[in-house]
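Participant: Model the following, please.
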Amino acid sequence: METELRMALLVAGLLLLVAVYLWGWSKSRKSRKRKFENFDFDTDPLPTPPDSGPVPVVDPLEAGPEDEEDVPELEVEEVHEEEEGPGYQPSLLGQEAEKQPTVSKLVILHVMAKRPRTFNGSDIVGIAREFGLEYDQMNVFHKKVKRRGGKRAMYSIVNAVKPGTFDLDRMDKFETPGISFVMSLPGPEKGLKAFNIMVEAAKKTAERLRGDLLDESRNRLNPQAITRLKEDVQLFILKHPNHTQ
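Facilitator: Numbering: from 1, shown residues only. Purely as a prediction, here's the structure:
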């Protein structure tokens, strides 16, 4: 009798445990269903996953023997230092010395014919001969001076009409509304001296051809304009003493 009672209590206990388990499982399922039954997976944000903690970082320099296979080999760039010697100059090794830019200035004067007149080629050739100008392969006239290495142009006379050249073989039929005196600084002669020589030649040319002497902007070259041009030449010489005579 006592054994049967124990068996009955054991069965009742098992049934109670099963009932409790089934009740809890059903409640949990309903809870999860209620939690996501109104959730829109296309628009609502997903729940944040639990933080799994920081990812461990292994320093390749502190890795032990057991970690050597997993640590990538570091690439070390070889640096070859230049050997220092008596003539060592770090700023010049491995590169070319920078070239100094060429600094120049043009001074231009115009001698223009009074409209509707023009200058004919024969008169221009006569002016060139009077001032000792030379005609060369550039098809213009140059006032050249002798320097080491040969002759160099102090100033030039070009046609005021593009491309600025003269056809020496056809000068007897050539006509132009004007000619231009051009001087480039630095030149073979000192700046102010070359300027004064060119101005005097331009004045005489204007007188011989009965034309108007104008500056670069085609304004009449009066004493004030000549003074301004001289100041420009002096200023260029002061600013660029290494590029002038």
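
Participant: okay, and the helix or strand of the protein with the least pLDDT?
Facilitator: helix 2-36 (a mean of 59; mean pLDDT, DSSP states H and E).

Participant: All the helices of this structure, residue numbers only.
Facilitator: Along the chain, counting by DSSP state H, helices occupy 2-36, 121-130, 191-209, 223-239.

Participant: list the helices and strands the second one packs on?
Facilitator: Yep, that's helix 121-130 we're talking about. Helix 121-130 sits against strand 150-159, strand 175-176, helix 191-209, with contacts defined as 3 or more Cβ pairs under 8 Å, 6 or more residues apart in numbering; DSSP states H and E. (Each C-beta comes from the backbone N, C-alpha and C, glycine too.)

Participant: for the second one, packing partners?
Facilitator: Under the contact criterion of 3+ Cβ pairs under 8 Å, 6+ apart, the helices and strands touching strand 175-176 comprise strand 119-120, helix 121-130.

Participant: Adjacent strands (with direction) for that strand?
Facilitator: Neighbouring strands of strand 175-176 in its sheet, by DSSP bridges, are strand 119-120 (antiparallel).

Participant: For this structure, give me the ranges with low pLDDT.
Facilitator: Scanning the chain for pLDDT under 70 picks out the ranges 1-101, 242-245.

Participant: re the thing from before, put together CSV for the helices and strands packed on strand 175-176, with mean neighbour count and distance to Asp232 on each row.
Facilitator: Shown next, in CSV, are the helices and strands packed on strand 175-176 (neighbours: other Cβ atoms under 10 Å; distance: least, Cβ to Cβ, whole Å):
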stretch, mean neighbour count, distance to Asp232
strand 119-120, 20, 27
helix 121-130, 16, 26
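
Participant: Go through these and name the closest to Gln137.
Facilitator: Closest approach to Gln137 among the helices and strands packed on strand 175-176 (Cβ to Cβ): helix 121-130, 15.7 Å.

Participant: now the closest one and strand 150-159, what's the angle there?
Facilitator: 150 degrees (axes from the mean of the first three to the mean of the last three Cα atoms, to 10 degrees).
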